[in-house]
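Chemist: no FASTA, just this:
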């Protein structure tokens, strides 16, 4: 009997890479902040309480994974989440742990 797969095997590989990126509390916090509004790096630094270099590293990983985009305005970069649904697992897990 042949079982119908819900997703192709390659999808699981790609998802595992994304899950590794999401397995960081600061990156999850960044995505949840960006879900609400576009934010400049300076605002993320202030909100997260970590260095600009550290925020920039997290944003670079999120950009490389195509989870966020950046809009340049002069020397400032404004970040936006590509698809707000990416934070839904975080919200579901939070509700389950209450």
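Modeler: Nice, thanks for sending it over. Just so we're clear, the structure is a prediction, and the values are computed from it rather than from any experiment.
Chemist: Quick check: residue 96 vs residue 35, distance?
Modeler: 19 Å (C-beta to C-beta, to the nearest Å). Any C-beta I mention is one placed from the backbone N, CA and C, and that applies to glycine too.
Chemist: So between the two, which is more surrounded?
Modeler: residue 35 (17 against 7; other C-beta atoms under 10 Å).
Chemist: Can you name the helix or strand that that one falls in?
Modeler: According to DSSP states H and E, residue 35 maps onto helix 25-36.
Chemist: Could you pull up the mean pLDDT of the helix or strand following that helix?
Modeler: As assigned by DSSP H and E, the chain's next helix or strand after helix 25-36 is strand 39-40. What strand 39-40 shows for mean pLDDT is 96.
Chemist: Just checking the distance from whichever helix or strand comes after strand 39-40 to the centre of its chain.
Modeler: As assigned by DSSP H and E, the chain's next helix or strand after strand 39-40 is helix 41-48. The chain centroid and the centroid of helix 41-48 are separated by 15 Å under C-alpha atoms, centre = their mean, to the nearest Å.
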